[in-house]
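**Q** Could you look at this predicted model? Sequence included:
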Amino acid sequence: MERRIQAPMKRETAVGLAAGDYIYITGTIYTARDAAHKRMQEVLEQGGRLPFEMQDNIIYYMGPSPAREGRPIGSAGPTTASRMDKYAPALLDLGLTGMIGKGKRSEAVKEAIVRNGAVYFAAVGGAGALLSKSIKRSEVIAYDDLGTEAIRKLEVEDFPVIVVVDSKGNDLYETAIEEYCR
């Protein structure tokens, strides 16, 4: 199924998505990779406030290349999501409704997705230049010292992703293999 959704993404929307759905996201999403996730975990452990609210938001695991003249961002392809697996359950428990990356997720992340009615989307790896065309605005909002791993607020329009793990725990990577083997 093909659908268009708004970000931030309400839990009701996330619960209505199924593994294998093609989704186009319009609205505000945030970027964060390994170093930013580590820093956010340290902030939480110290009882501090995160740079943005997790509730109903989507994090894109991406570190962009420098922007070309006249563009808000450079190539913006996904990063391997499993590198954020040790941090993701805590953020999902704080209300995060979606994550965008590439590759499989751990059982702990999948359990947190189900527990919180969230989803994991995949963006096509190797298509960063094409994906960047859906990014209309990019602004560093935290951890500027991390360079490309700084947290960014992105305004996206029809950003293309595929639901890989849905809120019921269905995993497209697993079901696609089963389907292929039949």
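**A** Happy to help now that I have it.
**Q** what mean pLDDT would you report for stretch 35-54?
**A** What stretch 35-54 shows for mean pLDDT is 97.
**Q** Wait, residue 149 touches residue 63, no?
**A** Yes: at 5.4 Å, residue 149 counts as touching residue 63 under the criterion of Cβ atoms under 8 Å. The C-beta positions use only the backbone N, C-alpha and C, and glycine is treated the same way.
**Q** Okay, now the unreliable bits of the protein?
**A** 176-182 (pLDDT under 70).
**Q** For the protein, just list every one of the strands.
**A** 2-7, 22-31, 58-60, 98-101, 119-122, 135-142, 151-165 (DSSP state E).
**Q** re earlier: who has more neighbours out of residue 149 and residue 63?
**A** Taking neighbours as other Cβ atoms under 10 Å, residue 149 and residue 63 compare with residue 63 leading, 23 against 20.
**Q** The closest residue to the more buried one other than its chain neighbours: how many residues sit nearby?
**A** Excluding the flanking residues, the one nearest residue 63 by Cβ to Cβ, 6 or more residues apart in numbering is residue 148, at 3.8 Å. Applying other Cβ under 10 Å, we find 14 residues neighbouring residue 148.
**Q** roughly how far apart are residue 148 and residue 39?
**A** Look at residue 148 and residue 39: by Cβ to Cβ, to the nearest Å, they are 14 Å apart.
**Q** Kindly reformat the strands of the chain as JSON lines containing mean neighbour count.
**A** As requested, the strands of the chain are exported to JSON lines (neighbours: other Cβ atoms under 10 Å):
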{"stretch": "strand 2-7", "mean neighbour count": "14"}
{"stretch": "strand 22-31", "mean neighbour count": "20"}
{"stretch": "strand 58-60", "mean neighbour count": "28"}
{"stretch": "strand 98-101", "mean neighbour count": "26"}
{"stretch": "strand 119-122", "mean neighbour count": "25"}
{"stretch": "strand 135-142", "mean neighbour count": "16"}
{"stretch": "strand 151-165", "mean neighbour count": "21"}
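**Q** So which of those is nearest residue 46?
**A** strand 135-142 (15.2 Å; Cβ to Cβ).
**Q** Name every sheet partner of the closest one and say whether each one runs parallel or antiparallel.
**A** strand 151-165 (antiparallel) (DSSP bridges).
**Q** the longest helix in this protein is where?
**A** Criterion DSSP state H: the longest helix present in the chain is helix 34-45.
**Q** could you check the angle strand 135-142 makes with that one?
**A** Relative orientation of helix 34-45 versus strand 135-142 (axes from the mean of the first three to the mean of the last three Cα atoms, to 10 degrees): 50 degrees.
**Q** Good, wrapping up.
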